[in-house]
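Colleague: one predicted model, sequence on top.
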Amino acid sequence: MLVQSDLAAIRNIGIMAHIDAGKTTTTERMLFYTGKVHKLGEVDKGTATMDWMCQEQERGITITSAATACYWKDCCVNIIDTPGHVDFTVEVERSLRVLDGAVGIFCAVAGVQSQSETVWRQADRYQVPRIAFINKMDRVGADFTRAVNMIRERLGSKAVPLQIPIGNEENFTGIIDLVEMKAYVYEDGSGENYLTRDLTEQEMTIASRYHEQILEIISENDDELLEKYLEATPISVNEIKSSLRKQTISNHLVPVLCGSSFKNKGVQMLLDAVVEYLPSPVDIPPVVGIDTETRKETSRAADLNEPLCALAFKIAADPYVGKLTYFRIYSGQLKTGSQVFNAIKGRKERISKLLRMHANHREEIDEAGAGDIVAGVGFKDTSTGETLCTEERPIILESMDFPEPVIDVAIEPKTKADQDRIGESLKRLAEEDPSFRTRYDVENGQTIISGMGELHLEIIIDRLLREFKVNANVGKPRVAYKETVAGKAKAEATFAKQTGGHGQYANVILEVIPLAQGQGKVFMDCSNQAIPKEFVPAVETGILEALHAGILAGYPVDDIEIRLVGGTFHEVDSSEQAFKIAASMALKEVLGKAQAVILEPIMEIEIVTPDEYLGDVISDLNARRGRVLGLEESGTTRIIKGLVPLAETFGYATNLRSASQGRANFSMEIKGYAALPESKTREIVARRYGLQITS
């Protein structure tokens, strides 16, 4: 039987970071020290519990977010280990949407990296309280102070060190606790045995300065402590921890810890901090949504006695139980076999099984309640981002926004059997991954799959071949361009067809206006009822369908406002189909008049290179139509920040390794879109229509 008091002993946390900062390694150590697993898994050996997919084990990276639960100091800690690669940023997005807290992992050598900033902004968007863990303190070049300063400067967060390292690099032997003013010294490499001792005189001098900083910062937002601090009255450890907890939960500060997960140092203290400083479900504000009956804002508190309210945040295909739907329960409770209401689609769903997940292992449970993150079997129509509730008290929670794909690949099944299988397989993959899209190119007779990057599509294709047994010919990756308009224009089109009986007639006048980047597609009826109301939806449908293929090179049209400003109809011959066709014709006409342009994805790139290769790397970036925005120095390496068109980055990893003898690396993410230069536009249009390219 679920008990309300248990909610205070739940921690729902995510592990987030830049790729290769040590997220999965840290999670593995957490599971080991909490007794969830009895053997340490290693990412490099492909034995990590949380990296269970064969694609993850082969590449040594996290691709899909994996959920698990463990226990530490009478608290149930639900952990979601998220990917670090930018191609899988949607996994981070949907995980943070349902979590109460997060641990940001930072490499002590590299500090804040490009993807660190991305995941931090995602956590900011959902106001998720965080702890920062400076990992890899044993590595050559590790610099705790620099990493803390980067969190403050680049992430704009009030980072407050609660620990400092004893020693550095190969001499990293322990940690000083700045709250309790104790030292934890590791006796062996396993990390299980450590000695707690008093601080030496030298350590006390340094630690006292940091301790004073903690008191100053927490006193700023705590009147009771401020009074004690100003009067030089001693402040107890419990008072410090209590204030730190409140201010972490309210996002006033970010506690900073340190360690080396691979060397098993600092993980137990990190678990302590998760329990002590990150919120339980009852510490966060009630979740807010829209009542579907009154259309007014309403809320649900983390209470077992409230009506059920849950958010489906992930769909996964399981080879044994079929479709798995992961959801976070915000209020109320449910049992196996119970019925829930999908408030978005207005349909009832029956849960045949409730599961608590440990990566890809399942544990059947009879009931779950507020604060739980579980998976359900039996859902037929529920998709990512949809709300589950009771039919009597329906509510719709804010859904999630997912980025648009930036790269395409053409795929053709090899046999008739593959042709039959590929449609269903792609549908299931798109159901799992909202950042993956698929469409059929009528002109070329090809299936086009779209994703967030080369690696993303490589994984999708690998899964098609392995999991779904679809044999297919795969084309080369190509950029997912867009089209838009640079100016205003107006055009008219008439569709008239006379048959034996009633004819077909529709006349439509459209006006288009360019919108700012990211505004999407907007349709407005400004016709003053020149066209009967019942035909306006058909006009909109015709326009939106026609926007899938622009007039320059057949790419989707975006960032445009289309206004229906007039038209005529016939009492007998007009129909919805006629207006749909006329609208499509008018749109093609008006796009031709409005200076159509092709937009290309622009990537934000961060390159880390040794000093001696700086000139060559920058020259190569410039040759790729890239632009350097800034340079930073970090020991003997330089960090180049810039912008580069996605089209120029294919094969860049190989070129960069070659130019730097394998010592440079880079990461990038989508920044936005920009108009393609005229010469490149001519190339793309000519290639699209098989024309000869002229200079």
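Modeller: That came in fine, so what should we check first?
Colleague: alpha carbons only for contacts and neighbour counts from here, please
Modeller: Fine.
Colleague: so where's the stretch 151-300 of the chain uncertain?
Modeller: For the stretch 151-300 of the chain, applying pLDDT under 70 flags the ranges 189-191.
Colleague: would you map the helices across it?
Modeller: 201-220, 223-230, 237-249, 267-277 (DSSP state H, counting those that start in this stretch).
Colleague: all helices for the stretch 301-450 of the chain, in order.
Modeller: 416-432.
Colleague: select the longest strand from this structure.
Modeller: strand 596-610 (DSSP state E).
Colleague: how about the nearest residue to Ser157 once chain neighbours are set aside, what does it touch?
Modeller: Spatial nearest neighbour of Ser157, chain neighbours left out: Ile151 (6.3 Å); criterion: Cα to Cα, 6 or more residues apart in numbering. Ile151 makes contacts with 111-112, 157, 159, as judged by Cα atoms under 8 Å, 6 or more residues apart in numbering.
Colleague: just give the nearest non-adjacent residue to Asp372, would you?
Modeller: Per Cα to Cα, 6+ apart, closest to Asp372 is Ile329, 5.6 Å.
Colleague: state the pLDDT value of that neighbour.
Modeller: With respect to pLDDT, Ile329 scores 93.
Colleague: wait, doesn't it sit right on Pro307?
Modeller: No. Counting by Cα atoms under 8 Å, Ile329 sits too far from Pro307 to count as a contact (10.7 Å).
Colleague: neighbour-wise, which of these two wins?
Modeller: Taking neighbours as other Cα atoms under 10 Å, Ile329 and Pro307 compare with Ile329 leading, 26 against 20.
Colleague: please tell me how far the more buried one sits from Pro281.
Modeller: 10 Å (Cα to Cα, to the nearest Å).
Colleague: who touches both of these two?
Modeller: In contact with both Ile329 and Pro281: 370-371, using Cα under 8 Å, 6+ apart.
Colleague: so which residues of the stretch 51-200 of the chain form strands?
Modeller: Here the stretch 51-200 of the chain has its strands, by DSSP state E, counting those that start in this stretch, at 66-72, 75-81, 101-107, 130-135, 159-161, 163-166, 174-177, 182-186, 194-197.
Colleague: export those strands to CSV and tack on mean neighbour count and distance to Ala546?
Modeller: Shown next, in CSV, are the strands of the stretch 51-200 of the chain (neighbours: other Cα atoms under 10 Å; distance: least, Cα to Cα, whole Å):
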stretch, mean neighbour count, distance to Ala546
strand 66-72, 21, 39
strand 75-81, 24, 41
strand 101-107, 26, 43
strand 130-135, 27, 45
strand 159-161, 22, 50
strand 163-166, 23, 59
strand 174-177, 24, 62
strand 182-186, 21, 66
strand 194-197, 14, 67
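Colleague: now those in a markdown table, with distance to Gly567?
Modeller: Output for the strands of the stretch 51-200 of the chain, formatted as a markdown table (distance: least, Cα to Cα, whole Å):
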| stretch | distance to Gly567 |
| --- | --- |
| strand 66-72 | 54 |
| strand 75-81 | 55 |
| strand 101-107 | 55 |
| strand 130-135 | 56 |
| strand 159-161 | 61 |
| strand 163-166 | 71 |
| strand 174-177 | 75 |
| strand 182-186 | 79 |
| strand 194-197 | 81 |
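Colleague: which one of those lies nearest to Asn264?
Modeller: Evaluated over those, closeness to Asn264 peaks at strand 182-186, with 9.3 Å, by Cα to Cα.
Colleague: and stretch 241-251, how far from the chain's centre?
Modeller: 26 Å (Cα atoms, centre = their mean, to the nearest Å).
Colleague: residues of it that come out buried?
Modeller: 241, 243-249, 251 (16 or more other Cα atoms under 10 Å).
Colleague: what does stretch 282-289 give?
Modeller: Quick answer for stretch 282-289 (16+ other Cα under 10 Å): 282, 284, 286-287, 289.
Colleague: now, the most widely separated pair of those residues?
Modeller: Maximum distance among the buried residues of stretch 282-289 (Cα to Cα): 17.6 Å, for Val282 and Gly289.
Colleague: verify the stated contact: Asp366 with Ile351.
Modeller: No. Assessed by Cα under 8 Å, Asp366 is found out of contact with Ile351, at 10.9 Å.
Colleague: neighbour-wise, which of the two wins?
Modeller: Ile351 (19 against 12).
Colleague: surely that one and Leu334 touch.
Modeller: No. The pair Ile351 / Leu334 is not scored as a contact, 9.2 Å apart, by Cα under 8 Å.
Colleague: how distant is stretch 627-639 from the center of its chain?
Modeller: With Cα atoms, centre = their mean, you get 27 Å for stretch 627-639.
Colleague: list the buried residues of that stretch.
Modeller: 627, 634, 637-639.
Colleague: let me have those residues in CSV, adding secondary structure, pLDDT and distance to Leu547 as columns.
Modeller: Below are these laid out as CSV (DSSP: H, G, I helix; E, B strand; the rest coil; pLDDT from 0 to 100; distance: Cα to Cα, whole Å):
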residue, secondary structure, pLDDT, distance to Leu547
Arg627, strand, 93, 32
Ser634, strand, 72, 47
Thr637, strand, 81, 47
Arg638, strand, 86, 44
Ile639, strand, 88, 41
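Colleague: and which of those is nearest Ile166?
Modeller: The nearest member of the buried residues of stretch 627-639 to Ile166, counting by Cα to Cα, is Ser634 at 22.0 Å.
Colleague: coming back round to it: for the helices of the stretch 151-300 of the chain, give me TSV that also has distance to Lys580.
Modeller: Formatted as TSV, the helices of the stretch 151-300 of the chain follow (distance: least, Cα to Cα, whole Å):
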stretch	distance to Lys580
helix 201-220	63
helix 223-230	65
helix 237-249	53
helix 267-277	57
